[in-house]
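Trainee: Quick one, fold the following:
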Amino acid sequence: MISRRPAAERGHFDMGWLDTWHTFSFAEYRDPAHMGFRTLRVINEDHVEPGQGFGMHPHRDMEIITYLLAGELEHKDSMGNGSRIRPGEVQRMSAGTGVLHSEFNPSPSERVHLLQIWILPEQKGITPGYEQRVFPAAERRGRLRLIAARDGREGAVTIHQDAAVYATLLAPGAAVEHALAPGRHAWVQVARGGVELNGLALAPGDGAAVSGEDRLRIAGGPGSAESEVLVFDLA
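Mentor: A predicted model of the protein is given here:
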């Protein structure tokens, strides 16, 4: 069974400095029908204006993944980490027992476009941790590139949950397939462009919950633009 989550039905807030869309309930957006999917708790699509950002704020007991689509994001945290994240890079922060962090758009002219993803950890109270890795476009183009996994295999960032996150870039008509083991579920999120998931059309910003399927086939939709998709393989 595949259940589509249309982009236009997400929670939406335009704060001037931040234009944000919430796939699942988050902050002031509350929808009992969309509290997350399996251990996937948050997918926020954020557009941050130049010179703006999220001031220092706390988190606990959450695996936080930041995926950049355009621009740069400057990160600082109470663990002493400071870095800039760019498209093709993935940041993982395990909040664990507690961490403070800020995310800021350092550009004087360019907006930042990103997905912030939260995954529930399999255990509370772990030691906070941070990781950032590069996944070149060539490694994601026309294939599913593992970007986050519990065991950090294949160079993925390590998350503390039985989940695997893949990213792909698809030209029109190009397709990738992913087998789901018995009892596994998936969430497919379209970051850019349009695709077909097992024949179901998905537009930019759409998501889809998948249960009871043994295989996913994701094909780039018609047109000249490349599509960008994240796939979450979940227990």
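
Trainee: Quick one: residues contacting the residue sitting furthest away from the middle of the chain.
Mentor: The C-alpha centroid of the chain is most remote from Pro108, which lies 25.4 Å away (C-alpha atoms, centre = their mean). By C-beta atoms under 8 Å, 6 or more residues apart in numbering, the contact set of Pro108 is 50-51. C-beta here means a position set from N, CA and C on the backbone, and glycine is covered the same way.

Trainee: Enumerate the beta-bridge partners assigned to Ile117.
Mentor: Taking DSSP bridges as the rule, Ile117 bridges to Ile43, Ile65.

Trainee: Near it, how many other residues are there?
Mentor: 24 (other C-beta atoms under 10 Å).

Trainee: How much space separates it from Glu177?
Mentor: Remark: distance between Ile117 and Glu177 (C-beta to C-beta, to the nearest Å) = 23 Å.

Trainee: Can you measure across stretch 32-46, start residue to end residue?
Mentor: End-to-end distance of stretch 32-46 (C-alpha to C-alpha, to the nearest Å): 22 Å.

Trainee: So which bits of it are buried?
Mentor: 34, 36-46 (16 or more other C-beta atoms under 10 Å).

Trainee: Please narrow those to those residing in strands.
Mentor: Using DSSP state E, the subset of these located in strands is 40-46.

Trainee: Who is Phe54 paired with across the strands?
Mentor: Glu103.

Trainee: if we can go back for a sec, ok, of the ones in strands among the buried residues of stretch 32-46, which one's closest to Gly212?
Mentor: Leu40 (17.2 Å; C-beta to C-beta).

Trainee: So the closest one is in contact with Trp187, correct?
Mentor: Yes - Leu40 is in contact with Trp187 according to C-beta atoms under 8 Å; the separation is 5.4 Å.

Trainee: shared neighbours of these two, anything?
Mentor: 232, 234.

Trainee: Might you list the low-confidence residue ranges for the chain?
Mentor: In the predicted model, the chain carries no residue with pLDDT under 70.

Trainee: residue ranges of the helices in it, please?
Mentor: Counting by DSSP state H, the chain has helices at residues 137-140.

Trainee: coming back round to it: quick check: the two most widely separated of the buried residues of stretch 32-46?
Mentor: Applying C-beta to C-beta across these, the maximum distance is between Arg38 and Asp46, 22.6 Å.

Trainee: What residues are bridge-paired with the nearest residue to Ser83 once chain neighbours are set aside?
Mentor: Among residues not flanking Ser83 along the chain, His75 sits closest, at 5.2 Å (C-beta to C-beta, 6 or more residues apart in numbering). When assigned by DSSP bridges, His75 has beta-bridge partners Ser83, Glu103.

Trainee: and Val231, bridged to which residues?
Mentor: Beta-bridge pairing for Val231 (DSSP bridges): Tyr166, Val188.

Trainee: Quick check, it in contact with Ala186.
Mentor: Yes - because the distance of 6.2 Å satisfies C-beta under 8 Å, Val231 is recorded as touching Ala186.

Trainee: Overlap of the contact sets of the two?
Mentor: Common contacts of Val231 and Ala186, defined by C-beta under 8 Å, 6+ apart, comprise 178, 216.
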